[in-house]
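Undergrad: Okay, predicted coordinates and the sequence, questions at the end:
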Amino acid sequence: MKNFIFFILFASSNVFATGLQPDSTIIVLSSGDGQAQMAVTNTDSSPLLMNVIVKDLPGSEDLTVLPLPQVARVEAQGKQIVRFVLAKTKYEIKKQYLKRVSFEGIPQKANKAGASVVTINVRQTIPLIISPKGLEQDPEPWKKLVISRNSGGAMEVSNDSPFVVRLKADAELLPMKAPVRLLKDTYVLPGEKHVIELPKDVDASTVKSIRIFPASPWGFAVDPYEIPVTSAPVASAATP
């Protein structure tokens, strides 16, 4: 998704926005292949210096993905292929991991004498999913989310699947149609569990289901989906 760009206009100054446009909204790297690639287009009318940065997200720190090239000159309206190579790991990958990749376009400095020019670097950031060898992507991974109410009355959302689930952080409590902040971010990683902070005027026992607003694995919005609230199973006492 494109970052928002704010243009600040100064007296007797010109402002230009420059940027790089990835050819897809997501990068999927299979551990079986060990690499993936992305074409990036310079949509500006001048050459840009492209800087590619792979950012770790929680749980993905032990996996190293190298962008090749990390820095390259991209001509105006030109394209650059960037390869993403997964370094060898000490363990077998059995679930998906999530990182983010930013493509920053650095413009050339203006050389016009006496001109006051402000240039803005536009950074495009897209998700990078590292997937286990042979894992077939579920087109509707959000249907694997579980929302439960524990014995203490607290509600939580959990993802016991091997898939990264992407969705809006905001959801809707049903049947009262009350808005709720479901997550701190826009994804639930495999094995993650998040406690849901309900509004003060909502009793957890009255919530029957929660309507979420998911995105497809490729980043496109899909129809809302309702997840019924279940009661977490109570662990049985051990037999002496």
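TA: Yes, it's here. Numbering: from 1, shown residues only.
Undergrad: Below-threshold pLDDT in this protein: ranges please.
TA: 1-18, 110-120, 232-240 (pLDDT under 70).
Undergrad: Would you tell me what helix or strand the residue nearest to the spatial centre of it is located in?
TA: Central residue of the chain (CA atoms, centre = their mean): Pro127, 4.5 Å from the mean position. Secondary structure from DSSP states H and E places Pro127 in strand 123-131.
Undergrad: Past that strand, which element shows up next along the chain?
TA: strand 145-149.
Undergrad: Can I get that next one in CSV, CA atoms only?
TA: Output of strand 145-149 as CSV, limited to C-alpha atoms (Å, rounded to 0.1, in the frame of the first residue of the first chain):
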residue,chain,number,x,y,z
LEU,A,145,-9.3,-17.8,13.2
VAL,A,146,-11.0,-18.7,16.5
ILE,A,147,-12.5,-16.2,19.0
SER,A,148,-13.1,-17.7,22.4
ARG,A,149,-14.3,-16.6,25.9
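Undergrad: Give the pairing partners of it; include direction for each.
TA: strand 155-159 (antiparallel), strand 225-231 (parallel) (DSSP bridges).
Undergrad: How is the protein partitioned into domains?
TA: Following automatic domain parsing, the chain resolves into domains at 14-131, 141-231.
Undergrad: Report the distance from stretch 180-187 to the chain centre.
TA: 12 Å (CA atoms, centre = their mean, to the nearest Å).
Undergrad: sorry, that was for stretch 96-108
TA: 12 Å.
Undergrad: What residues of it count as buried?
TA: Buried positions in stretch 96-108, judged by neighbour count with 16 or more other CB atoms under 10 Å: 96-99, 101, 103-107. For every residue, glycine as well, the C-beta is placed using N, CA and C.
Undergrad: Show me what the longest strand seen in the chain packs onto, helices and strands only.
TA: Longest strand in the chain, counting residues (DSSP state E): strand 97-107. Counting contacts by 3 or more CB pairs under 8 Å, 6 or more residues apart in numbering; DSSP states H and E, strand 97-107 is packed against strand 14-18, strand 20-22, strand 35-42, strand 48-56, strand 117-121, strand 123-131.
Undergrad: Mind doing that once more with 6 Å?
TA: For strand 97-107, the elements it packs on are strand 48-56, strand 117-121, strand 123-131, judged by 3 or more CB pairs under 6 Å, 6 or more residues apart in numbering; DSSP states H and E.
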